[in-house]
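Asks: I would like the atomic coordinates for the input below:
(one chain, ligands or ions: 1)
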Amino acid sequence: MMKRIVLLIISLIVSVNLFPQAQNRVAKDVLKRHQPKYSLFYDNHTMPSCPDVGANFDAEAFTDRIKRCGVDQLTFHARCNLGMAYYDTKTGIRHPSLKYDLFGRLADACKRKEIALIAYFNGGISSAEGVQHREWTTLYFDGRENREPRFTPYVRTMCYNTPYRDHLIAMIEEVAHNYPVSGFFIDCLAGYPCVCPICVKEMKERGIDFNNKGEVIKFSEFSALRLAKDIAKAAKAINPGFQLYFNGIPFEQQADFGTWLECEDLPTAGWGYEYLPVLSHYMRTLGDKPVMNMNGRFYDWGDFGGLRPEAAIKSELLYGLANGMRPNIGGHFHPRGDLENAVLDRIEKIYKELQTMEPWFDNAKNLTEIAIVYPKSDRNIRNQAGSDGQLIAAVRMLSELKQQFDVVTEFSDWSRYKVLVIPDDITFTEEITRRVKEHIAAGKAVISSGSSGLNAEKTKFALEKEWGIKFIKECDYDPAYFTVGKNYNQGLPDMPLSLYSSGTDVEPLPGTSVEAWLIKPYYNRGWDGEYAFYYNPPDKVTDKPALTINGKVAHFSHRIFSGYYDQAAVELRTVFSNVLNKFLADPVIRYEGLPSFSRVFVSEQPGRKMVHLLSYVPELRGSKTQIIEEPVELHNVKISLRNDGNALRKVYLAPERKSLPFKINDGYINVTIPVSNGYSLVVFE
Ligand SMILES: [Zn+2]
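Replies: Take a look at the predicted model:
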């Protein structure tokens, strides 16, 4: 023990005093880390039987072409998910038909042309290596090596605890040593449930029930995280300035060792158009790392012949840029190395246009004053289905209302927000209770709904005094209707309205005002042995609250966000908006003549604010594909930006710097945008 302490003291002295040059070099390397601006990401997964890999590849022509697109960062495969390496490897399997060091030529050309090259390795899938070493692959929970059904790149996945882990790290070290790469993108580090002898042995040692699939998945996720940390350690030992990202590891879990965050999102390949809104408002709360917004030129993975419309690719990238995310266009690389001019022409056109506005995108931060509190795991937030519909709906409502907001977890600071929106099912831990109490004590507002605010046991409100209501039980009205009193019924039809959701029975405490009431249905939905009770009209208004207000805490008894997710009933958004307007009478932005589908984002740089106006609508075509084919042109849009006492010299449209006349009234700067065709960037300087 003593010896260890002495060694520790010596090593501290050595690292602090004796090698200042080494310290400086580290600091400089970190400072030099590339900050991605306009990136490309190539998927290059090549079947081992492909006969002519790299035969037509001209590294000079390719890098010249992408340089002309203004690309400063390229992610390219060192080793793909088929287990094929594209560089001269002593450790892995070079593609059998590749006759030269393709990755090496590319790396050399990128270095000369100042394009940061990120080496791609698939961490979770490596088919050919799995065929060679069956003992390196996942033994799935059902005891099979191959996944069913088999037609998927994930048919065979790799176990993170076999000698595969050392093999993968060795390949990464090989590339880190031998090529001038800027960093690594390690893909597919998901929790594949493995019950191979090595995993089972460790699970036994750790007291994990290896017969429980959920526990096995958790252990696999832990193993993936442990591998990611070891990869980061090995890579940083070679160059502390490497950029690193681990796809599949939750964002917050790689906070300490990853250097950027990537939002992988191809709307036409299952993500749809609800994902980017949620992630863009969330990822920027995870620290100061670069956040990349990766879409794709194709419709789906494996789709070599797809080229999505310019408006689709561009609008998604603009959405990201307006929210502080850097564009990254994904594509497939033709394994022969054919230069795909039609694709690159489209990328060039889009990137050239975006780059004209770069001065206003560069390091801009979004100006937000509302937070959707969603203290769940990153995996919940990124899961797009079912239980997370409430989050999607809350993001949607606030976006349609042009409010400026973030999505926050316990990971980030909540103290700067004026309003917390706590949707539907957020029960309170001690930590959340403490934070919300602090927020309310500072005189700031809360809007919650459903069982949000209840303690973990769901027996009472964690902040009963602040909420001003007593929890009775889950409400048994099905369907539930409601009626809103005069204080919050602006814009609502005068009739019993559907809530489209389940909810709670609550009782107001003295001093709490009831602003909306539940209406009981004649009978509940169901089957009574003779009739299906499908037609269930509203009966009488009850004295049960549907909306209560106590000071600056508003609570909806029912899960209005889940209701909005299921039915998109505009009335639910209207009543929510009426409450929000009461609490946030002077929002950052006011507007006239803007349709609900348009989006407005406010960002700032030192000395100026930018308003980004987007007007694109995805349309569901056929059975499953949402498409944006062209922008929707808007006319005479009136926007008012809260001035916040800044001295204002000019308002103009960027990038053309065309002045816009403005008037200042009641603390707001009012301008009219005569025509907006998909996107307008208004600068207040
Ligand atoms: Zn295993």
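Asks: need the longest helix for this structure.
Replies: The longest helix of the chain (DSSP state H) is helix 213-238.
Asks: what comes up buried for it?
Replies: The neighbour-count check on helix 213-238 (16 or more other CB atoms under 10 Å) flags 216-217, 219-221, 223-225, 227-232, 234-236 as buried. Backbone N, C-alpha and C define where each C-beta goes, glycine included.
Asks: so which of those reach the ion?
Replies: Contacts with the ion are made by none of the buried residues of helix 213-238, judged by CB under 5 Å from the ion.
Asks: list, one by one, the residues from the chain near the ion.
Replies: 159, 194, 196, 199.
Asks: among those residues, which lie within helices?
Replies: Per DSSP H, these map to helices at residue 199.
Asks: by neighbour count, which of the residues of the chain next to the ion wins?
Replies: Among the residues of the chain next to the ion, residue 194 has the most neighbours (other CB atoms under 10 Å), with 26 neighbours.
Asks: in the sheet, who's paired with that residue?
Replies: Listed beta-bridge partners, residue 194: residue 140 (assigned using DSSP bridges).
Asks: where does the residue positioned nearest the centre of the chain sit: helix, strand or coil?
Replies: Among the residues of the chain, the one closest to the centroid is residue 279, at 2.4 Å (CA atoms, centre = their mean). Classification of residue 279 by DSSP: H, G, I helix; E, B strand; the rest coil places it in helix.
Asks: coming back round to it: for the record, mean pLDDT for the longest helix of the chain?
Replies: Mean pLDDT, helix 213-238: 98.
Asks: moving C-terminal from it, which element do we reach first?
Replies: Next in sequence after helix 213-238, counting helices and strands by DSSP states H and E, comes strand 243-246.
Asks: how is this structure divided into domains?
Replies: 38-163+189-355, 368-582, 589-684 (automatic domain parsing).
Asks: mind putting those into a markdown table with distance to residue 176?
Replies: Shown next, in a markdown table, are those (distance: least, CB to CB, whole Å):
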| stretch | distance to residue 176 |
| --- | --- |
| domain 38-163+189-355 | 4 |
| domain 368-582 | 27 |
| domain 589-684 | 35 |
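Asks: and the contacts of the helix or strand hosting residue 572?
Replies: Using DSSP H and E, residue 572 falls within helix 570-583. With contacts defined as CB atoms under 8 Å, 6 or more residues apart in numbering, helix 570-583 is touched by 370, 397, 400-401, 403, 418-419, 445, 447, 484, 488-493, 497, 499-500, 516, 547, 549, 552, 554, 556, 560, 563-564.
Asks: list only buried entries from the residues you listed.
Replies: For the contacts of helix 570-583, a neighbour count by 16+ other CB under 10 Å gives the buried set as 370, 397, 400-401, 403, 418-419, 445, 447, 484, 488-489, 492, 497, 499-500, 516, 547, 549, 552, 554, 556, 560, 563-564.
Asks: out of the residues you listed, list just those in strands.
Replies: Judged by DSSP state E, strands contain the following of those: 370, 419, 445, 447, 484, 497, 516, 547, 549, 554, 556.
Asks: ok, back up a step: and the residue nearest to the centre of the chain, what does it touch?
Replies: Counted by CB under 8 Å, 6+ apart, residue 279 has contacts 263, 265, 381-382.
Asks: secondary structure element holding residue 514?
Replies: strand 513-521.
Asks: strand partners of that strand, parallel vs antiparallel please.
Replies: According to DSSP bridges, strand 513-521 forms sheet pairs with strand 481-484 (antiparallel), strand 538-550 (antiparallel).
Asks: hey, which of those strands is tucked in deepest?
Replies: Highest mean neighbour count among the strands paired with strand 513-521 (mean count of other CB atoms under 10 Å): strand 481-484, with a mean of 22.
Asks: turn the strands paired with strand 513-521 into JSON lines, columns for mean pLDDT.
Replies: JSON lines is the format used below for the strands paired with strand 513-521 (pLDDT from 0 to 100):
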{"stretch": "strand 481-484", "mean pLDDT": "98"}
{"stretch": "strand 538-550", "mean pLDDT": "98"}
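Asks: so which of those is nearest residue 358?
Replies: Proximity of the strands paired with strand 513-521 to residue 358 was assessed by CB to CB; the nearest stretch is strand 538-550, lying at 45.5 Å.
Asks: contacts for the closest one?
Replies: 466-469, 475, 481-484, 488, 496, 499, 503, 505-509, 511-522, 554-558, 575, 579.
Asks: where along the stretch 201-350 of the chain do the helices fall?
Replies: The residue ranges that make up the helices of the stretch 201-350 of the chain, judged by DSSP state H, counting those that start in this stretch, are 213-238, 275-283, 310-321, 341-355.
Asks: send the alpha carbons of the second one over as PDB?
Replies: The C-alpha coordinates for helix 275-283 follow below in PDB (Å, rounded to 0.1, in the frame of the first residue of the first chain):
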ATOM      1  CA  TYR A 275     -37.200  12.000 -34.300                       C
ATOM      2  CA  LEU A 276     -35.000  15.000 -35.300                       C
ATOM      3  CA  PRO A 277     -37.300  17.500 -33.400                       C
ATOM      4  CA  VAL A 278     -37.000  15.500 -30.200                       C
ATOM      5  CA  LEU A 279     -33.200  14.900 -30.500                       C
ATOM      6  CA  SER A 280     -32.300  18.400 -31.600                       C
ATOM      7  CA  HIS A 281     -33.900  19.900 -28.500                       C
ATOM      8  CA  TYR A 282     -32.300  17.300 -26.300                       C
ATOM      9  CA  MET A 283     -28.800  16.700 -27.500                       C
END
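Asks: what about it, average pLDDT?
Replies: 96.
Asks: roughly how far is that helix from the heart of the chain?
Replies: Its chain's C-alpha centre and that of helix 275-283 lie 4 Å apart, by CA atoms, centre = their mean, to the nearest Å.
Asks: equivalent analysis for the last one, please.
Replies: Here helix 341-355 is found 25 Å from its chain centre; the criterion is CA atoms, centre = their mean.
Asks: list the buried residues of the strand holding residue 514.
Replies: 514-521.
Asks: tabulate the residues you listed (CSV), appending pLDDT.
Replies: Output for the buried residues of strand 513-521, formatted as CSV (pLDDT from 0 to 100):
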residue, pLDDT
514, 98
515, 98
516, 98
517, 98
518, 98
519, 98
520, 98
521, 98
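Asks: okay, the residues you listed in a markdown table with distance to residue 138 next?
Replies: Below are the buried residues of strand 513-521 laid out as a markdown table (distance: CB to CB, whole Å):
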| residue | distance to residue 138 |
| --- | --- |
| 514 | 56 |
| 515 | 55 |
| 516 | 52 |
| 517 | 55 |
| 518 | 51 |
| 519 | 53 |
| 520 | 53 |
| 521 | 50 |
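Asks: from those residues, which two are the most distant?
Replies: 515 and 521 (21.3 Å).
Asks: rounded mean pLDDT for stretch 413-421, please.
Replies: For stretch 413-421, the per-residue pLDDT averages 97.
Asks: contact partners of it?
Replies: 368-373, 394, 398, 405-406, 408, 435-436, 438-439, 442, 444-448, 580, 583-584.
Asks: weed out the non-buried ones from those residues.
Replies: For the contacts of stretch 413-421, a burial check counting by 16+ other CB under 10 Å picks out 368-373, 394, 398, 405-406, 408, 435-436, 439, 444-448, 580, 583-584.
Asks: and the pLDDT for residue 378?
Replies: 86.
Asks: find the residue closest to it in space, skipping its chain neighbours.
Replies: In space, and not counting its chain neighbours, residue 378 is closest to residue 250: 3.6 Å by CB to CB, 6 or more residues apart in numbering.
Asks: tally of neighbours for the one you found?
Replies: 16.
Asks: contacting residues around it?
Replies: Residue 250 neighbours (CB under 8 Å, 6+ apart): 377-379.
Asks: now, which of the residues you listed sits nearest residue 325?
Replies: Nearest to residue 325 among the contacts of residue 250 is residue 378, at 16.5 Å by CB to CB.
Asks: helix/strand/coil for residue 443?
Replies: coil.
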